[in-house]
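>>> below: sequence and its predicted model.
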Amino acid sequence: MICFLILAGFTGFKPLYNHAPTNLDSSLAGKYPSDIGIEYDPDVFYTEKFNDGMANILARYTDVLNSEGMSLDTEDVPAKGSVAIKMTNQGGKNQGGHLFRRFNPGFDSTIYIRYYVKYPLSSKGYIHHESVWIGGYHPSTRYPSPNAGSCGLGDKRIAISYEPVNAPNMDTYLYWGDMRAGARGKCYGNDMVNGSPQSKKLDWGKWMCVELMIKLNNPVRAYNGELKVWQDGLEIGHWGPGFPNGKWDADSWFNDPAGQPFEGFRWRINEKLNLNYLWIQFYDDTTPEGQSHHIKFSNLVIARKYIGPIKKS
């Protein structure tokens, strides 16, 4: 089972590599075996357990794509009592589907988001954007508007995800005001892991736990924002003001102890831009006509502190 966690929130020196799993005793999930009751914890902002029927699930989201291709599963799940949502595409007919939710007014400091995802082996070779994105628009919107390739987003948009950027390699996919441009001056999602010693690959056909921590920059002109990522409870990377050392190569960051300190994230230059959307996304535009692929998600939590992998009951 794989679990991802991304955290952005602490300043000061951080060690470049940390392979030790996070102690469940200090996590939110550690207090709630099988996530039972975690939604009532005062540090939890939002949960999506997919356990109250499809009609109620769809009603929570401000934009739904291809609900006909969605179903619920209680058998192939990451923990006892979990429910998973399965998103399916049909090659030549659609490119998957999504659930998009706008939060009003959104989150303006540090948040953690944890979810479970399962990429089936049958999807090998047919991965585009398949993960959970969290971010913000200014002004906020009820539906996704990714505008891939656009630069100059400082007061308009933040997008943060951890996904199979080049399957089976997992990496970040980030849009923000100071993102780096790639080929031909276009801005596509920036990747930050790039084979660092703590990087992990996608394990096809197994549940994976992802958690992200994002600390927004305050004040908005400061480069004091952070990002941290865990996969299956193991720290994948942590980037903030002055750490780690490394270098930019076009739109890719490479950790390197001999390099220069990372400048920190200036996620936005307008205080009205915050983290105000959740996008559960299955976008596969490569499936041949007549074929079908799918993805599964389960046990999503957004909180003010580290959540961690599910504690087994």
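Arrived safely, thanks for sending.
>>> residue boundaries of the helices in this structure?
For the chain, the helices defined by DSSP state H cover 54-59.
>>> quick one, longest strand in it?
In terms of residue count, the longest strand belonging to the chain (DSSP state E) is strand 96-107.
>>> neighbouring strands - and their directions - for that strand?
strand 63-65 (antiparallel), strand 275-283 (antiparallel) (DSSP bridges).
>>> buried residues in the shortest one, which are they?
In other words, strand 63-65. By neighbour count with 16 or more other CB atoms under 10 Å, strand 63-65 contains the buried residues 64-65. For the C-beta atoms, the positions are set from N, CA and C on the backbone; glycine is no exception.
>>> low-confidence bits of this protein, can you list those?
1-25 (pLDDT under 70).
>>> quick check: end-to-end length of stretch 229-247?
In stretch 229-247, first residue to last residue: 19 Å (CA to CA, to the nearest Å).
>>> how many other residues sit next to Asp256?
For Asp256, the neighbour count with other CB atoms under 10 Å is 13.
>>> what does Ser26 give?
11.
>>> how much space separates it from Tyr173?
Separation of Ser26 from Tyr173 (CB to CB, to the nearest Å): 28 Å.
>>> can you check Pro78 too?
Distance from Pro78 to Tyr173, by CB to CB: 23 Å.
>>> ok, now Ala303?
22 Å.
>>> one more: Val117?
14 Å.
>>> name the residue in the two with the higher neighbour count.
Between Val117 and Tyr173, counting by other CB under 10 Å, Val117 is the more crowded of the two (27 against 19).
>>> wait, the more buried one touches Val132, no?
Yes. Between Val117 and Val132 there is a contact under CB atoms under 8 Å: 7.4 Å.
>>> mind listing the shared neighbours of those two?
210, 297 (CB atoms under 8 Å, 6 or more residues apart in numbering).
>>> winner for burial among the strands paired with strand 96-107?
strand 275-283 (a mean of 24; mean count of other CB atoms under 10 Å).
>>> now that strand, how far from the centre of its chain.
The chain centre lies 9 Å from the centre of strand 275-283; the measure is CA atoms, centre = their mean, to the nearest Å.
>>> send the alpha carbons of that strand over as PDB?
Output of strand 275-283 as PDB, limited to C-alpha atoms (Å, rounded to 0.1, in the frame of the first residue of the first chain):
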ATOM      1  CA  LEU A 275      -6.300  27.500  -1.500                       C
ATOM      2  CA  ASN A 276     -10.000  27.300  -2.600                       C
ATOM      3  CA  TYR A 277     -10.500  24.200  -4.700                       C
ATOM      4  CA  LEU A 278     -10.200  20.400  -4.600                       C
ATOM      5  CA  TRP A 279     -10.000  18.600  -7.900                       C
ATOM      6  CA  ILE A 280     -10.200  14.800  -8.000                       C
ATOM      7  CA  GLN A 281      -9.100  14.100 -11.500                       C
ATOM      8  CA  PHE A 282      -8.900  11.200 -14.000                       C
ATOM      9  CA  TYR A 283      -7.800  12.700 -17.300                       C
END
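>>> number of residues surrounding Ser311?
Careful, residue 311 is Lys; it's not Ser. A count of neighbours around Lys311, defined by other CB under 10 Å, yields 19.
>>> swap in Leu72?
Neighbour tally, Leu72, other CB under 10 Å: 14.
>>> could you give the bridge partners of it?
Here Leu72, judged by DSSP bridges, has bridge partners Ile85.
>>> these two touch, right, it and Ile85?
Yes. With contacts counted by CB under 8 Å, Leu72 reaches Ile85, the gap being 6.1 Å.
>>> shared neighbours, these two?
Shared contacts of Leu72 and Ile85, counting by CB under 8 Å, 6+ apart, come down to Phe50.
>>> tabulate the strands paired with strand 96-107 (JSON lines), appending distance to Pro257.
Putting the strands paired with strand 96-107 into JSON lines (distance: least, CB to CB, whole Å) gives the following:
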{"stretch": "strand 63-65", "distance to Pro257": "44"}
{"stretch": "strand 275-283", "distance to Pro257": "31"}
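>>> closest to Ser196 out of those strands?
Shortest distance between Ser196 and the strands paired with strand 96-107, using CB to CB, is found for strand 275-283: 24.8 Å.
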